[in-house]
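1. what follows is a predicted protein model with its sequence.
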Amino acid sequence: MDTTRRDQIVVKKDGNELSQKWYAVYTRSRFEKQVLKGLQDQGIEAYLPLIKTVRQWSDRKKTVEVPLFSSYVFVHIDRRFYDLVLQTMGVVKYITFEGKAASIPADQIDNLRIIVNSDEKVETTWETRRKGDKVMVSAGSLKGLRGELISDGDRRKVLVRIDSIDQNLVVEVHSSLIESIKES
């Protein structure tokens, strides 16, 4: 069974197409990094967004990398690898919607990568905010980030929604770096 890769579609010689999609898996508590390694060791593309934070111990402070979302790891698979992911040590289940694993649009994963790779302070929320202008950051370390504008006094915040896991990321951005975009 020879396969060739073309963008996000794997085409087998028999003509069947298997499309790869992003999914979120729920992990055992504090097992995110072990799950990531286990998935990668099996050749499965996985993503664990990590942020740096300062932790205080009684005798010292240390900067550590912690998961942006506790107990979540993202996998980029086609349906052939669905069960293999579930068999990985530490994986509890897929995040589902109406009984099926909920796929996550690739642009939401791209937004996650932009945010995590920036030097900006990030906070997560579970609030659902539907109102607001669609915006894109036009310059700086978050250039290209698309989201929803939220005004909070004199500060401007951009909300990036990861719908499948009911999580939002809120990043503070100077208003001069934000431009409005039209929805297509």
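-> Here it is on my side, so go on.
2. contact partners of stretch 166-173?
-> 68-69, 72, 111-112, 115, 118, 120-129, 137, 140, 142, 145, 147, 150, 155-162 (C-beta atoms under 8 Å, 6 or more residues apart in numbering). Where you see a C-beta, it was placed from the backbone N, CA and C, and this is true even at glycine.
3. try it again at 6 Å.
-> With C-beta atoms under 6 Å, 6 or more residues apart in numbering as the test, stretch 166-173 has contacts from 69, 115, 120, 122-125, 137, 155-161.
4. can I get the buried ones among those residues as something I can paste into PyMOL?
-> Selection of buried members from the contacts of stretch 166-173 for PyMOL, criterion 16 or more other C-beta atoms under 10 Å:
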select buried, resi 69+115+120+122+137+156+157+158+159+160+161
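5. residues of stretch 99-109 that come out buried?
-> 101-104, 108-109.
6. nearest to K37, of these?
-> I109 (19.2 Å; C-beta to C-beta).
7. how about the nearest residue to V64, chain neighbours excluded?
-> Leaving aside its sequence neighbours, V64 sits nearest to R55 (C-beta to C-beta, 6 or more residues apart in numbering; 5.3 Å).
8. equivalent analysis for A24, please.
-> I95 (4.3 Å).
9. that neighbour against Y23, yeah?
-> No. I95 is beyond contact range of Y23, at 7.2 Å (criterion: C-beta atoms under 6 Å).
10. quick one: which of these two has more around it?
-> Y23 (21 against 17; other C-beta atoms under 10 Å).
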